[in-house]
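>>> quick one: sequence and predicted model below, then my questions.
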Amino acid sequence: MTTTTLAWLVPLLPFLGSVAGLLLGRTAPGFVRPLAVLPTLAAAVLAVLVAFRQGGGKTIEAATQLTPTGSVPIDLALYIDGFAALAAVLVGVVATCVQIYSTGYLRDDPRYPSYAALVSLFTAAMLLVVYSGDLMVLLVGWEVMGICSYFLVGHYWETPEARAASLKAFLVTKLGDVPFLIGLFALATDAGTFRIDGILGAVAAGGLDHPTLIALLLLAGVAGKSAQFPLHTWLPDAMAGPTPVSALIHAATMVAAGIYFVARLLPVFASSAAALTVLAVMAAVTMVGSALAALAQDDIKRVLAYSTIGQLGYMAGALAVGDRGAAVFHLISHGAFKALLFLAAGAIIHAAGTNSLSAMSRMSGLTKRIPDAYWTMTVALLALAAVPPFAGFFSKEAVLVAAEHTALGDRTVAPAGAGWTVLVAGLLTALLTAAYATRLWLLAFRGRGAEAPDHGRQPLAMTTVLWVLAIPSLGFGLSVTYLDDWFDGNALTPTVTTAVLGTGIALVGAVVTYAVWRTLATKVLAAKGPAPEPVAAHVAHPDAEAGQVEAEALHLPHPAEDPADPGRVLLGPLHRHAATGFHLDALYTAVFVRPVLAAASLVRFLDREVVDTYVSGAGTGTKWLGWLVRRAQTGNVQTYLSALLAGSVVLAIAAVLVAAGA
């Protein structure tokens, strides 16, 4: 079978699995789990074969005209370079792990068939984005992911939080998609084609007439899809969906799409120094702001959500300094350990039987009860904190090295100011990342909150997936010297300067956080004595089982919370602002939402009280006129003659008066 045929099958298989799952979900429930897992697993295997055959060498291209447009044609095209080959492997592996994990996590969920089908469709859409060589076909996958996220985030639609989060995710990303679509049309107009190879050729020949405008329009869509400032606010709220969905969105689909798109078309953005500068500032603000917010969150999933935003900021920073190899390297590395972090968090919630244990200040006694989640999450947090030799160390160092080279003028793709911006923000974020990763580990596994009842061993499907993802989280970075061909041939190995500086800063963040926690814990132990007693579990819905309990958070009394939280001490007066995401939602509500609602109320008032009044008045006038005419039709000839006589008299008098006046 040719490589092109294999590549076409990669997105097609999960799509067919999704369709079959939706059709057979109710009539043949026994086929739901095989249809969820096997097509996605087969797609992952084929993606590995495609990557092996591509080998980081010549780009694989194939195309057939999809439809004659009369102007710029739309082609069903493949464009598989080293980036696409590795990204497809990441999507396939993570999606397979999520599907296997979900068979245990949501085993008693009555809506599992639709959930599994949507996850498969989500996977197929992202694989279409990865392999597509035509921007219009890529846009199809881009938009399908948006609608899939709406349904999956709102999986627990019984709760207002899930409904609001799904709507917010859809609307905020659509807000960025409008200028994104305009940018795509402008790009195709300048280049004369939607094909990626044709666009890159036009850029190389200087054929873009409006590079800055096009790049900025496209960045708006990237900011929405990849949750970059200022359109990042939807991602923390998206935690209302099932945890496996969070793992899929944060690690391999949706938010990765924007970064991958910029990497695909980096020459378009690099043709405008202004666009790269904007991207660098956006990445810097995103990195630092999200890391500060993560340090203030109590919900473990919101910590990981803000962490994702920050790590995407690293990738955007690498692209801002013109190094797409470093960006995609960190994208793949991050995908492995972030999927592991979310799935381990899901194991914690599953073990507790209630979403109350997503609040870290209420966690206790988890180390011995869920050792698989404990050890694998420890590995993932070390990778997140960029501790050598874990994967995150090598990929984050690649970003810092790229920023350093640009700042010092060794690379001239981007302005030196963009390099300094990304480098300083990256180092500060490394400090904060190590701090909130350490805080998460301490509160989750060494906390003194109220211990929830033990709900037994975790399903084998869940624990197996955790250990599978722990392997790349630990060892992927060590393979960097063998993957140069997949990343434009650029070396991604750390330099002594950034390695020592970055690791030293991370260690400072971890040590300071531990010291503060230790001091607080000692004071609490001396003042309050033993840890709180276990609290009763609470299930959100009467028919819910372990996989459904995320639908509603349990609000425990204050004594059940762990007061030894170093985040409050480290942030000081900034804590209350960081905990709310620096009030961006409140700002957007005041600046955008309330004026729109006020305008809608005004339009409704005008429609009901003005327009409807005229319409109703016209109907009422006609009704009264008809009543008068009906009253005049008595059928009495004498009445008609009297009316005729009276009318004649009136006309005669009027004629006499007119004649007299004349």
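Noted; the coordinates are in hand.

>>> so the spatially most central residue of the chain versus Ser226, what's the distance?
Geometric centre of the chain, nearest residue: Val255, 4.4 Å, by C-alpha atoms, centre = their mean. Val255 sits 5 Å away from Ser226, going by C-beta to C-beta, to the nearest Å. Bear in mind the C-beta positions are built from the backbone N, C-alpha and C, glycine included.

>>> repeat that for Thr2.
Thr2 is 33 Å from Ser226, by C-beta to C-beta.

>>> just the strands in the stretch 51-200 of the chain please.
For the stretch 51-200 of the chain, the strands defined by DSSP state E, counting those that start in this stretch cover 60-67, 74-80.

>>> off-centre distance for the shortest one?
Relative to its chain's centre, strand 74-80 lies at 25 Å (C-alpha atoms, centre = their mean, to the nearest Å).

>>> give me the mean pLDDT for it.
Averaging pLDDT along strand 74-80 yields 91.

>>> which strands or helices does that strand pack on?
Packing partners of strand 74-80 (3 or more C-beta pairs under 8 Å, 6 or more residues apart in numbering; DSSP states H and E): helix 3-24, strand 60-67, helix 112-131, helix 135-153, helix 196-204.

>>> mind redoing it with 7 Å?
For strand 74-80, the helices and strands in contact under the criterion 3 or more C-beta pairs under 7 Å, 6 or more residues apart in numbering; DSSP states H and E are helix 3-24, strand 60-67, helix 135-153.

>>> among the ones you listed, which is the most enclosed?
Among these, helix 135-153 has the highest mean neighbour count (mean count of other C-beta atoms under 10 Å), at a mean of 22.

>>> ok, and what's touching that helix?
Outside helix 135-153, the residues within contact range by C-beta atoms under 7 Å, 6 or more residues apart in numbering are 74, 76-77, 118, 121-122, 125-126, 128-129, 132, 162, 165-166, 169-170, 173-174, 184, 188, 194, 196, 238, 240-241, 245, 249, 253-254, 257.

>>> one step back: comparing the helices and strands packed on strand 74-80, which yields the minimum mean pLDDT?
strand 60-67 (a mean of 84).

>>> tell me who's in contact with Phe261.
By C-beta under 7 Å, 6+ apart, the contact set of Phe261 is Val222.

>>> repeat that with 10 Å
By C-beta atoms under 10 Å, 6 or more residues apart in numbering, the residues touching Phe261 are Val129, Leu135, Leu138, Trp142, Phe180, Leu218, Gly221, Val222, Lys225, Ser226.

>>> distance to Leu265 added to those, as a markdown table?
Below are the contacts of Phe261 laid out as a markdown table (distance: C-beta to C-beta, whole Å):
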| residue | distance to Leu265 |
| --- | --- |
| Val129 | 12 |
| Leu135 | 8 |
| Leu138 | 10 |
| Trp142 | 13 |
| Phe180 | 12 |
| Leu218 | 8 |
| Gly221 | 12 |
| Val222 | 10 |
| Lys225 | 14 |
| Ser226 | 14 |
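
>>> of all the residues you listed, which two lie farthest apart?
Farthest pair in the contacts of Phe261 (C-beta to C-beta) is Leu135 and Ser226. Separation: 17.0 Å.

>>> who's more crowded, Thr2 and Ser226?
A side-by-side neighbour count of Thr2 and Ser226, using other C-beta atoms under 10 Å, places Ser226 first with 28 against 10.

>>> how much space between the more buried one and Phe122?
Relative to Phe122, and taking C-beta to C-beta, Ser226 is found at 16 Å.

>>> where does the prediction get shaky in the stretch 451-600 of the chain?
By pLDDT under 70, the low-scoring segments of the stretch 451-600 of the chain are 451-456, 525, 528-563.

>>> helices of the stretch 201-350 of the chain, start to end?
Applying DSSP state H, counting those that start in this stretch to the stretch 201-350 of the chain gives helices spanning 211-225, 234-237, 243-251, 255-264, 266-270, 273-296, 300-320, 324-352.

>>> TSV for the ones you listed, including mean pLDDT and distance to Thr464?
Below are the helices of the stretch 201-350 of the chain laid out as TSV (pLDDT from 0 to 100; distance: least, C-beta to C-beta, whole Å):
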stretch	mean pLDDT	distance to Thr464
helix 211-225	95	31
helix 234-237	92	28
helix 243-251	91	14
helix 255-264	94	24
helix 266-270	95	38
helix 273-296	96	29
helix 300-320	95	21
helix 324-352	90	11
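
>>> just send these back as TSV, with distance to Phe476 too.
Listed next are these as TSV, based on distance: least, C-beta to C-beta, whole Å:
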stretch	distance to Phe476
helix 211-225	24
helix 234-237	24
helix 243-251	13
helix 255-264	16
helix 266-270	23
helix 273-296	22
helix 300-320	15
helix 324-352	6
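
>>> about what we covered before: mind giving me the ChimeraX select for the contacts of helix 135-153, buried ones only?
In ChimeraX, a selection of the buried entries from the contacts of helix 135-153 looks like this (16 or more other C-beta atoms under 10 Å):
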select :74,76,77,118,121,122,125,126,128,129,132,162,165,166,169,170,173,184,188,194,196,238,240,241,245,249,253,254,257
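
>>> Ile300 touches Ala347, doesn't it?
No: using C-beta atoms under 10 Å, Ile300 is not in contact with Ala347; the gap is 11.3 Å.

>>> any common contacting residues for those two?
Thr243, Met377.

>>> low-confidence ranges, the stretch 51-200 of the chain, go.
Using pLDDT under 70, nothing in the stretch 51-200 of the chain is flagged.

>>> so Leu265 sits against Val203, correct?
Yes: at 8.4 Å, Leu265 and Val203 qualify as touching, with contact defined as C-beta under 10 Å.

>>> so what sits against both of these two?
In contact with both Leu265 and Val203: Leu187, using C-beta under 10 Å, 6+ apart.

>>> can you tell me what sits against stretch 55-65?
2-8, 50, 53-54, 73-86, 131, 133-134, 195-197, 482-489.

>>> restricted to buried residues, select those residues in ChimeraX.
Buried residues within the contacts of stretch 55-65, by 16+ other C-beta under 10 Å, are selected in ChimeraX with:
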select :3,6,7,8,50,54,73,74,75,76,77,78,79,80,81,82,83,84,85,86,131,133,134,195,196,483,484,486,487
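
>>> can you pull out the helices in the stretch 501-650 of the chain?
Along the stretch 501-650 of the chain, counting by DSSP H, counting those that start in this stretch, helices occupy 566-571, 575-579, 584-588, 594-605, 612-632, 637-661.

>>> most tightly packed of those helices?
helix 566-571 comes out most buried of the helices of the stretch 501-650 of the chain by mean count of other C-beta under 10 Å, with a mean of 20.

>>> Arg630 is nearest to which of the helices and strands packed on strand 74-80?
Closest to Arg630 of the helices and strands packed on strand 74-80 is helix 135-153 (C-beta to C-beta; 56.0 Å).

>>> follow-up on the earlier one: contacting residues around the residue nearest to the centre of the chain?
Taking C-beta under 10 Å, 6+ apart, we find Val255 in contact with 145, 149, 173, 225-228, 232, 235, 238, 249, 305, 308-309, 311-312, 315, 331, 338.

>>> swap in His232?
172, 223-224, 226, 255, 282, 285-286, 289-290, 293, 305-306, 308-310, 312-313, 581, 584.

>>> ok, of those residues, which come out buried?
Among the contacts of His232, those buried by neighbour count (16+ other C-beta under 10 Å) are 172, 223-224, 226, 255, 282, 285-286, 289-290, 293, 305-306, 308-310, 312-313, 581, 584.

>>> related to what we said a few turns ago, distance to Thr513 added to the helices of the stretch 501-650 of the chain, as JSON lines?
Shown next, in JSON lines, are the helices of the stretch 501-650 of the chain (distance: least, C-beta to C-beta, whole Å):
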{"stretch": "helix 566-571", "distance to Thr513": "5"}
{"stretch": "helix 575-579", "distance to Thr513": "14"}
{"stretch": "helix 584-588", "distance to Thr513": "25"}
{"stretch": "helix 594-605", "distance to Thr513": "39"}
{"stretch": "helix 612-632", "distance to Thr513": "62"}
{"stretch": "helix 637-661", "distance to Thr513": "99"}
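
>>> so which of the ones you listed comes closest to Leu343?
helix 566-571 (23.8 Å).
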